[in-house]
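[1] This is the structure alone, sequence omitted:
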């Protein structure tokens, strides 16, 4: 069953023994992050990593407030959040819908009716009001009323770290829900860290294009600004004036929070993805002062806008790379209204050296979106984005190789897929290599490659958080073809077989192994 809101999710975590209430006083400035970092890197008595979800109930300077963190910080909680026993179940559901073929007769059409009925549950619906409207503040409000974290000593200040940022494409009207950190400048303004390759940034650029067209006639200087704005940009006198409306939902149900981070195609709304994951529609309500819809059950909703001609220094920020992302210029979010539930629960996260909560969210994305990757790269067998590779730094890929040069074709295909374009290193292996087994990958890769022959480099967009690239957002990427080499690829030497014991001997030892293990004192 779907969770209607954050509170139902917290109750489910509590019932499952996955939640700890923290009654010891903790300061949102640094202390909550340090506690959470230690918990997220801990293991329980069974050796399970991630620690429990934490509900802080005694926050220094915020009497009566509650703060939820590490809610997704284990594999078991990610599965609970999505209502599955295995993340592959979600992938199987996606695969089922992708495999639907046009019905050829009346019987096939009838058989499709249950599936069509289920699909109807995915679409969001607008309701007249909801819990997020219990308190409405059009004036006398302050962001500083909420226990917003400063996570690391060199952070530029407090940051909202788990927001669902909602914008509307000025050209098509489609909504987007993204997750972009927000540095708190004062009680009513924040940074809006939508990196230039993200959909929110594209909505901002489209608003700039529209404004430039009406104010300057679309001259070349204004068009150039459109390409360079939003992260690593420099304001000039050509920046057109205007606003882009923005709403921010904090403390949504877990499926919706997760949907805000998934690399969905731009034409698919995250509200629809959340409905698919929940198996039930997301209820939306109209905002008070901006023309946007927000989840009705949100704990907190921030309404406002960004000015098209205003950029401000944002950062540094201790990021999921394990290093501080550097300061840069980003748009500024101006609040005009706050609505929230009575006694709202502030949901947040901390990122830094892995493993932390975002690691489990990223691994869920990896498993769920493999079927979608196979749509355009059908030879894919499996992928692994190791947690220590920070997801966009390393991808291990196994393929079913059918023709020479296929590994390189796959590398380029991955670099063309949405946010997979940021992948700094791609290693391609044959289908019989288990990419989830790092030891097996290491053995096969280092045995199979001739570095000069099998490593290729290319230039292109890189993640804004990549501090090593030659320029912000632009740098080099590496692909390694660790598949077996064929004569048709210019390799004429014999390729040796892998050492594997024969089945008869294995079966013989298997029959004796229980007694042998006891005799040898091994398990």
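    Ah, there it is. Quick caveat, the model's predicted, so the values are computed rather than measured.

[2] contacts, neighbours, all on C-alpha from now
    Fine.

[3] Show me the helices in the stretch 251-400 of the chain, by range?
    254-259, 270-278, 357-368, 370-376 (DSSP state H, counting those that start in this stretch).

[4] of the ones you listed, which approaches residue 127 most closely?
    Ranking the helices of the stretch 251-400 of the chain by proximity to residue 127 (CA to CA) places helix 270-278 first, at 14.2 Å.

[5] so how far is the closest one off the chain centroid?
    Here helix 270-278 is found 14 Å from its chain centre; the criterion is CA atoms, centre = their mean, to the nearest Å.

[6] looking at the helices of the stretch 251-400 of the chain, which is closest to residue 507?
    Of these, nearest to residue 507 by CA to CA is helix 357-368, at 33.6 Å.

[7] and residue 427, what is it in contact with?
    By CA atoms under 8 Å, 6 or more residues apart in numbering, the contact list for residue 427 reads 394, 395, 396, 397, 479, 480, 481, 482.

[8] what pairs with it across the strands?
    Note on residue 427: beta-bridge partners by DSSP bridges are residue 396, residue 480.

[9] low-scoring pLDDT stretches of the stretch 51-200 of the chain, where are they?
    Residues of the stretch 51-200 of the chain meeting the criterion pLDDT under 70: 96-119.

[10] What segments of it are strands?
    Secondary structure of the stretch 51-200 of the chain (DSSP state E, counting those that start in this stretch): strands located at 53-56, 66-69, 125-126, 135-137, 159-160, 164-168, 175-178, 182-186, 189-191.

[11] For residue 24, which of the ones you listed is the nearest?
    Of those, nearest to residue 24 by CA to CA is strand 53-56, at 8.2 Å.

[12] one step back: what's the closest of the strands of the stretch 51-200 of the chain to residue 365?
    Closest among the strands of the stretch 51-200 of the chain, using CA to CA: strand 175-178, at 14.5 Å.

[13] so what does that closest one touch, helix or strand wise?
    strand 164-168, helix 199-216, helix 270-278 (3 or more CA pairs under 8 Å, 6 or more residues apart in numbering; DSSP states H and E).

[14] what does the last one contact?
    Applying CA under 8 Å, 6+ apart, the external contacts of helix 270-278 come out as 1-3, 82-83, 90, 119, 121-124, 176-177, 255-256, 258-260, 264, 281-282.

[15] Would you mind putting the helices and strands packed on strand 175-178 into CSV with mean neighbour count alongside?
    Shown next, in CSV, are these (neighbours: other CA atoms under 10 Å):
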stretch, mean neighbour count
strand 164-168, 25
helix 199-216, 20
helix 270-278, 24
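
[16] Going by mean pLDDT, which of the ones you listed comes out lowest?
    Note on the helices and strands packed on strand 175-178: lowest mean pLDDT is at helix 199-216, with a mean of 81.

[17] distance between that helix and the chain's centre?
    On the basis of CA atoms, centre = their mean, helix 199-216 sits 26 Å off its chain's mean C-alpha point.

[18] how close does residue 22 get to residue 168?
    38 Å (CA to CA, to the nearest Å).

[19] For stretch 475-492, measure first residue to last.
    One end of stretch 475-492 sits 35 Å from the other (CA to CA).

[20] Name the residues of that stretch that come out as buried.
    475, 476, 477, 478, 479, 480, 481, 482, 483, 484, 485 (16 or more other CA atoms under 10 Å).

[21] Please apply the same query to stretch 387-399.
    Neighbour-count burial for stretch 387-399 [16+ other CA under 10 Å]: 387, 390, 391, 392, 393, 394, 395, 396, 397, 398, 399.

[22] follow-up on the earlier one: could you dump the contacts of residue 427 to JSON lines with distance to residue 460 and pLDDT?
    Listed next are the contacts of residue 427 as JSON lines, based on distance: CA to CA, whole Å; pLDDT from 0 to 100:
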{"residue": "394", "distance to residue 460": "16", "pLDDT": "95"}
{"residue": "395", "distance to residue 460": "17", "pLDDT": "96"}
{"residue": "396", "distance to residue 460": "19", "pLDDT": "97"}
{"residue": "397", "distance to residue 460": "20", "pLDDT": "97"}
{"residue": "479", "distance to residue 460": "13", "pLDDT": "97"}
{"residue": "480", "distance to residue 460": "17", "pLDDT": "97"}
{"residue": "481", "distance to residue 460": "19", "pLDDT": "97"}
{"residue": "482", "distance to residue 460": "22", "pLDDT": "97"}
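
[23] Let me have those residues in TSV, extended by distance to residue 379.
    What follows is the contacts of residue 427, written out as TSV (distance: CA to CA, whole Å):
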residue	distance to residue 379
394	19
395	16
396	14
397	10
479	17
480	17
481	15
482	15
